[in-house]
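J.: structural data only, the sequence is not supplied:
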């Protein structure tokens, strides 16, 4: 009888010890998982560079014309169309970077490895249903086709286009964007293949 009690006692003790050890391991695992989840950003691709952006400053028409004159005839036409696109899409932006980012999207599309777009920034800009300001039924269309360097915001757009073709891409390779003021994301932004890259000014940028 005493022997039987000892056997039962030993089994009960072992069962309690096993439970305590298992509980400690489980608690440790849960703590590690919780800490790991806590450290993962909600959207690691989004980097708001607003604090680093250069504020808008004006540039004279004469200075711009001198810079543009240094380009080839082909490049001059490209800069002109890129600038008109930037003006039509983002003239309300408050920083130079925000304007330049739109220009970079156009340029990034010209070098797309899958060749989803043309290799010419003029064709990319004016492709149907891509940049809405070039749609003939869009209110911006008449505006962008008539605007001149007398307009301060267009001068800024021209400078952004010039800077974009000479400088490193600030969008991390974006080829899509949309306004942050949209009530709903556009359908293409919900595609699983879309990678969110950055918010610059009032636009969010993506790469397909």
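T.: Yes, it's here. These figures come from a predicted structure and were not determined experimentally.
J.: which one is residue 173 nearest to, not counting chain neighbours?
T.: Using CB to CB, 6 or more residues apart in numbering and skipping the chain neighbours, the partner closest in space to residue 173 is residue 207 (5.1 Å). Quick note: C-beta positions are derived from backbone N, CA and C, even for glycine.
J.: do the same with residue 195
T.: Excluding the flanking residues, the one nearest residue 195 by CB to CB, 6+ apart is residue 207, at 4.9 Å.
J.: for the closest residue to residue 167 other than its chain neighbours, give its distance to residue 204.
T.: Counting by CB to CB, 6+ apart, the nearest residue to residue 167 once its immediate chain neighbours are dropped is residue 100, at 7.5 Å. Residue 100 is 16 Å from residue 204, where distance means CB to CB, to the nearest Å.
J.: what about those two, which has more around it?
T.: For residue 100 versus residue 204, neighbours defined as other CB atoms under 10 Å are more numerous around residue 100 (28 against 21).
J.: doesn't residue 155 make contact with residue 59?
T.: Yes: if you go by CB atoms under 8 Å, residue 59 and residue 155 touch, sitting 5.4 Å apart.
J.: tell me which of the two has more neighbours.
T.: Neighbours were counted for residue 59 and for residue 155 using other CB under 10 Å; residue 155 has more, 21 against 16.
J.: helices of the protein, start to end?
T.: 2-39, 61-69, 73-90, 96-110, 121-126, 139-146, 152-166 (DSSP state H).
J.: quickly, which of the ones you listed bottoms out on average pLDDT?
T.: Mean pLDDT per stretch puts helix 2-39 lowest among the helices of the chain, at a mean of 42.
J.: ok, the nearest residue to residue 58 once chain neighbours are set aside - how many residues close by?
T.: Once flanking residues are discounted, residue 58 sits nearest to residue 152: 5.8 Å by CB to CB, 6+ apart. Residues lying near residue 152 (other CB under 10 Å) number 13.
J.: residue 77 too?
T.: Counted with other CB under 10 Å, residue 77 comes out at 14.
J.: let's have the chain start at 10 instead
T.: I'll keep to 10 as the first residue from here, and by that count the last item is residue 86.
J.: without its sequence neighbours, what residue ends up closest to it?
T.: Nearest residue to residue 86, sequence neighbours excluded (CB to CB, 6+ apart): residue 131, at 6.5 Å.
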